[in-house]
Each structure stands twice: as structure tokens, then as C-alpha cells.
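Enquirer: my questions concern the predicted model and sequence given below.
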Amino acid sequence: MTAPRTLTPTAIRHRTVDVAGVSVAYRESGPADAPVLLLLHGFPTSSHQFARLMDTLGGTPYRLIAPDYPGFGRTRAPEGFTYTFDRLADIVEGFTDALGLDRFALYVFDFGAPVGLRLAERRPGRVTGLIVQNGNAYEEGLSDVAREFTALRREVPGNEEQVRGLFTEEGTRFQYETGVADPTLVSPDGWTLDVHYLGLPGRADAQADLAFDYASNLLRYPAWQAWLRAAQVPVLVVWGAGDPFFTPAGAKAYLRDAPDAEVHVFEGAGHFALETHLPQIAPLIENFLTKLA
């Protein structure tokens, strides 16, 4: 691994594009004709989670594009939109078509894994490489907390209230700081902005729908693993060891279907590993992208 280079700030453009009646907000940097890295965010955040990474990767020969899903960030969906992971993947797939992204590397985190791997399954020839950051695709990667969460059902009394507890300020901060060795490295700007977006009209309802649909992702694991075996694209896995939802076993499991993958597990990092370990993770991503390019 080469030493981290000096930060080269880059201009980040904030745009929107219509995809099937959804106004998809996204941020973008880099030359328009460069190879593409599509960055797919997690819950309960949005593309703002990648702002520091995009700055740090300034000067990398890549076009970095990070959309907000329906129900997240600045994206606006029409009334009556159905919030499932299949529909999120539909919109992201339409987003890539709208921007003419025929080939791209994927960065998937948390919810970004089920969205991005659905996209890879549908359009296998488009994906040139895969970066996974605490994005689970294996049963062994589910912690006890995650298993209990995915077992919740809306029709069971009390389960709805349990799910919505994650949308509170306390629940959001828990996701950022749990498992982190030094919580002072976690900027409150991230989780407080997430709290703002979660408080917008209709957002809690949308997130509850997605939470109860999360179990559908577990059924897709075999198909995503089969895609990994067949595609044989380069894979980089970076993982916060203290993640309360997805365990390091989930990071190492990628080696089963992508035996040449680079896997790095960071002690002292939690679910949002970029918040505390960006200086360690960014050079790995830069090296990976350089080899892809």
C-alpha cells in the first residue's frame, strides 16, 4: 500500500434528475468522461455520508456519483411511492440509465449493498469492480441484533414501535457511535443531519416500510453470491469491527465467492467506518480505483 497522498479538494456538484417521477438528488465530482464509481449510501443517511471521501479522492481519475434514494436526503418521491428494496433498486437502475452510465464500479454500504447487488444481478455486465463497506451479503455477517431486527413483523404488536425507535435522535446516534473506540472522532454533523431528514413529512413511514421489507434481502443472498462467483470482478472489502449489525465474519465471507478480494477489518471502527477511519480507508480505495482504471 502506498502512503496517503496530500488532500486535493475537488469541486462537488449537486444536481437532480427525474427518474420515473422521482426527483433524484445526487452529488458528483470528477471529469465527465472518466470511469465511474457509483456510491450507494446506507440507512439512515444519504449521499452526504460520502462528502469527505469525495474530497479526499479529489484528483483520482474517476467520476464519483452518489445519489439519494427515495425516502432519503434531498430526493423527492411522489405520494403513493412503494418503499421496498426492489423499488429502490428500480430507481437507482433508472438513475444510471438517465445519466448514461453503461459501466461503473460500485461502492456499497449498509442499505447500499441490497440496492447495489440487485443492480449488479440485473445488469451484471455493467459492474467493473466492487467496494464493500459494512454491506452484508452473507448469513454469518448478521449479528444477533440484526437477526432480531429482520425477524420483526408489522402485524406483531409492539414491533412497529420497536422499528420506529431507530428513527429517533437516540437511535440514530446509536448507529454512528456504537462500537467506536473514540466517539469524539464521530462528527455530530452526520447524525444530526440524518435526524433532520428523518423528521420530514412521510419519512418515518417510508423508513418503516423499508425496515419491514429488509428480510427480503436475506432471500437474495444466494443470488448475489452467485453473481460474485460468475462476475469475477475485483473486490475490496473494508469493515468496521465494532458494527452492532454486521459482524467481521460478513467481511471475510466475501472471500468464499471472491477469493482474490482484499479484505480489511478495522478495530475501533463501527458501522460508519468512514467517520473514524477515513485516513486508513481512503488510500485503500484510491489504490483499488487506480488498478481498475
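Expert: Great, that's in hand. Residues are numbered from 1 along each chain as shown.

Enquirer: show me where the stretch 51-200 of the chain has its helices.
Expert: Taking DSSP state H, counting those that start in this stretch as the criterion, the stretch 51-200 of the chain contains helices spanning 51-56, 85-98, 112-122, 144-150, 159-164, 169-177, 188-198.

Enquirer: is it possible to export those helices to JSON lines including distance to Thr10, mean neighbour count and mean pLDDT?
Expert: For every residue, glycine as well, the C-beta is placed using N, CA and C. Converted to JSON lines, the helices of the stretch 51-200 of the chain look like this (distance: least, C-beta to C-beta, whole Å; neighbours: other C-beta atoms under 10 Å; pLDDT from 0 to 100):
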{"stretch": "helix 51-56", "distance to Thr10": "6", "mean neighbour count": "19", "mean pLDDT": "95"}
{"stretch": "helix 85-98", "distance to Thr10": "21", "mean neighbour count": "19", "mean pLDDT": "98"}
{"stretch": "helix 112-122", "distance to Thr10": "21", "mean neighbour count": "23", "mean pLDDT": "98"}
{"stretch": "helix 144-150", "distance to Thr10": "35", "mean neighbour count": "14", "mean pLDDT": "96"}
{"stretch": "helix 159-164", "distance to Thr10": "38", "mean neighbour count": "15", "mean pLDDT": "97"}
{"stretch": "helix 169-177", "distance to Thr10": "25", "mean neighbour count": "18", "mean pLDDT": "97"}
{"stretch": "helix 188-198", "distance to Thr10": "20", "mean neighbour count": "17", "mean pLDDT": "98"}
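
Enquirer: output the below-cut-off pLDDT ranges for the stretch 1-150 of the chain.
Expert: Along the stretch 1-150 of the chain, segments meeting pLDDT under 70 span 1-9.

Enquirer: again, only using 50
Expert: Low-confidence segments of the stretch 1-150 of the chain, defined by pLDDT under 50, span residues 1-2, 4.

Enquirer: can you show me the strands along it?
Expert: With DSSP state E, counting those that start in this stretch as the criterion, the stretch 1-150 of the chain has strands at 13-19, 22-29, 36-40, 63-67, 104-109, 127-133.

Enquirer: okay, those in a markdown table with distance to Phe174 next?
Expert: A markdown table is the format used below for the strands of the stretch 1-150 of the chain (distance: least, C-beta to C-beta, whole Å):
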| stretch | distance to Phe174 |
| --- | --- |
| strand 13-19 | 29 |
| strand 22-29 | 26 |
| strand 36-40 | 22 |
| strand 63-67 | 24 |
| strand 104-109 | 17 |
| strand 127-133 | 19 |
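
Enquirer: among those, which is nearest Ala208?
Expert: Counting by C-beta to C-beta, Ala208 lies closest to strand 22-29 out of the strands of the stretch 1-150 of the chain; the figure is 19.1 Å.

Enquirer: about what we covered before: mind putting the strands of the stretch 1-150 of the chain into TSV with mean neighbour count and distance to Thr82?
Expert: As requested, those are exported to TSV (neighbours: other C-beta atoms under 10 Å; distance: least, C-beta to C-beta, whole Å):
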stretch	mean neighbour count	distance to Thr82
strand 13-19	14	15
strand 22-29	21	11
strand 36-40	26	19
strand 63-67	25	18
strand 104-109	25	22
strand 127-133	23	26
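
Enquirer: thinking again about what came up before, need the helices of the stretch 51-200 of the chain in a markdown table with distance to Ala253, can you?
Expert: A markdown table is the format used below for the helices of the stretch 51-200 of the chain (distance: least, C-beta to C-beta, whole Å):
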| stretch | distance to Ala253 |
| --- | --- |
| helix 51-56 | 24 |
| helix 85-98 | 20 |
| helix 112-122 | 12 |
| helix 144-150 | 14 |
| helix 159-164 | 26 |
| helix 169-177 | 22 |
| helix 188-198 | 28 |
